[in-house]
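# The following block contains a protein sequence and its predicted model.
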Amino acid sequence: MSDEIEEAPAAPSSAWKSYLSDVNAGVRRGIGDAWMVTFTDLVSLMLAFFVLLFSMSAVDLFKWQNLVRSLAGEMDSVQAREGAKPAEEFQIEQADPPPGTDLDYLTPVVEQRLAAEPALSAGVVWRAEGRTVLSLPAAAFFPGEETAIPRRANTVVYALSRLVQSLDNLVEIHGHSAHAGGRDPESQGWGMSLARASALASDLVEAGYRGQIVARGYGASRQGNFSIPGPSGAADRFDNRIDIVIHEVASQGP
């Protein structure tokens, strides 16, 4: 029996060794970088989750603007963009107040009611531009230099409230006074006229008037700026007076 000698496998060539080495290196690199795929998927899912939360939340506009401004200051890539401006600027004009009852009709009505109210018999009605004025001597409401209406004058206040409650026009109360004595007579007269106008306006509201009413004090600054109807010298008793001014525009509410 002859001994058969098996031939040993030939040693791999250097080219084959180099190829195998490259394959092994590639496999190792692929295995080493595989975690990046999983990490990328995780980050994408987290981003989608937070975007979903943000879309369902109510954004505080003030806080969001603060965040945008802070990021814009820190990041060079964020630039404020100015929106497109209109070619022309439009300004909405304020609407004129609605007209009230026509004064040509209202003035005779006020005169008739004035004549029918004994408590208001000392008053006179006269017209000015855009308004009808009912002037009453201040003594009908205020004794002496007082600025508060006493209880005995409530009859005049109630009669006046019944007169103005039926009006839908804007009503103002103007106080006037003659020059008072003292170091500063003009300022004293102004303060007294304003206090009297405010007191009458407050009492009219308490008596049930629900329209818009404005109180103004003019002191002696407007003496002689109107013509009181009646005999000569009748205007002297109206130096200290209260004017109920009825404007041609409607009242806008209390």
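Yep, that arrived.
# okay, CA-based contacts and neighbour counts for the rest of this
OK.
# distance of residue 97 from residue 173?
Per Cα to Cα, to the nearest Å, residue 97 is found 19 Å from residue 173.
# More neighbours: these two, which one.
Each of residue 97 and residue 173 has its neighbours counted (other Cα atoms under 10 Å); residue 173 has more, 25 against 11.
# and the more buried one, that's in a helix?
No - applying DSSP: H, G, I helix; E, B strand; the rest coil, one finds residue 173 to be strand, outside a helix.
# what residues are up against it?
Counting by Cα atoms under 8 Å, 6 or more residues apart in numbering, residue 173 touches 197-198, 200-201, 213-216, 242-245.
# Quick check: of these, which lies closest to residue 130?
Distance to residue 130, by Cα to Cα, is smallest for residue 245 among the contacts of residue 173, at 10.0 Å.
# In three-state terms, label that closest one for me.
strand.
# Kindly state the beta-bridge partners for it.
residue 133, residue 172 (DSSP bridges).
# Counting only strands, which of the contacts of residue 173 make the cut?
Residues of these located in strands (DSSP state E): 213-216, 242-245.
# residues in contact with the helix or strand that residue 155 is a member of?
Per DSSP states H and E, residue 155 falls inside helix 154-165. Helix 154-165 is contacted from outside by 110, 113, 117, 119-120, 140-141, 171, 200, 203-204, 207-211, using Cα under 8 Å, 6+ apart.
# buried sites along that helix?
Residues of helix 154-165 classed as buried by neighbour count (16 or more other Cα atoms under 10 Å): 156-165.
# Wait, residue 244 touches residue 174, no?
Yes - the pair residue 244 / residue 174 is scored as a contact, 6.5 Å apart, by Cα atoms under 8 Å.
# Could you report the neighbour count for the nearest residue to residue 147 once chain neighbours are set aside?
Nearest non-adjacent residue to residue 147, counting by Cα to Cα, 6 or more residues apart in numbering: residue 196, 5.0 Å away. Residue 196: 30 surrounding residues under other Cα under 10 Å.
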